[in-house]
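Student: Generate a structure from the sequence data that follows.
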Amino acid sequence: MDNIEMPDVSPFDHVAEWFSELGYMMDRQPLSFQEIQSWSAVTGTILSAWHGSVLRQMSVAYVGQMFKFRKRYDPAPYMKDTRTMEQIRADVVRKIKASR
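Tutor: So this is what the prediction gives:
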């Protein structure tokens, strides 16, 4: 973990704070633009179109990753996948069998 270099996002700390206030998702679905607009109106937070779009994209990505990496054997999204093609195929077969 120590060798992973994270980008500097400090200029966008406010967006991360807003995202946290919004709650990431609603009923296991990405936040809608209407929900983001309602939050903005209730809190008095003035959002640009760009901010609204970014918050929506963050919510879509959050929900997508939540479903993609919900099993404990799935790699963390920030880790490089070091599995061989044979291991990947075996994982796919196991997942297909488990879904039946």
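Student: what about the strands in the protein?
Tutor: 25-26, 29-30 (DSSP state E).
Student: So for Ser48, which of those sits nearest?
Tutor: Evaluated over the strands of the chain, closeness to Ser48 peaks at strand 29-30, with 19.5 Å, by C-beta to C-beta. Every residue, glycine included, has its C-beta placed from N, CA and C.
Student: Can you tell me which residue is spatially central in the protein?
Tutor: Centroid check for the chain by C-alpha atoms, centre = their mean gives Tyr62 as the closest residue, at 1.8 Å.
Student: shouldn't that residue be in contact with Tyr24?
Tutor: Yes. The pair Tyr62 and Tyr24 qualifies as a contact (C-beta atoms under 8 Å) at a distance of 5.0 Å.
Student: follow-up on the earlier one: out of the strands of the chain, which is closest to Thr43?
Tutor: Closest among the strands of the chain, using C-beta to C-beta: strand 25-26, at 16.0 Å.
Student: lowest average confidence, helix or strand, in the protein?
Tutor: strand 25-26 (a mean of 76; mean pLDDT, DSSP states H and E).
Student: Paired strands for that one, with orientation please.
Tutor: strand 29-30 (antiparallel) (DSSP bridges).
Student: mind checking how far the strand it pairs with is from the chain centre?
Tutor: With C-alpha atoms, centre = their mean, to the nearest Å as the basis, strand 29-30 stands 10 Å off its chain's centre.
Student: Could you pull up the mean pLDDT of it?
Tutor: Taken as a whole, strand 29-30 has a mean pLDDT of 90.
Student: Contacts for that strand next, please.
Tutor: Arg56, Ser59, Val60, Tyr62, Val63 (C-beta atoms under 8 Å, 6 or more residues apart in numbering).
Student: Scan the residues you listed and report the most crowded one.
Tutor: Ser59 (22 neighbours; other C-beta atoms under 10 Å).
Student: which residues does that one contact?
Tutor: Ser59 neighbours (C-beta under 8 Å, 6+ apart): Phe19, Leu22, Tyr24, Met25, Pro30, Leu31.
Student: and the third one, how many neighbours does it have?
Tutor: If I follow you right, that is Tyr24. 16.
Student: unless I'm mixing things up, it is touching Leu31, no?
Tutor: Yes. Taking C-beta under 8 Å as the definition, Tyr24 is a contact partner of Leu31 at 7.5 Å.
Student: That concludes my questions; thank you for your assistance.
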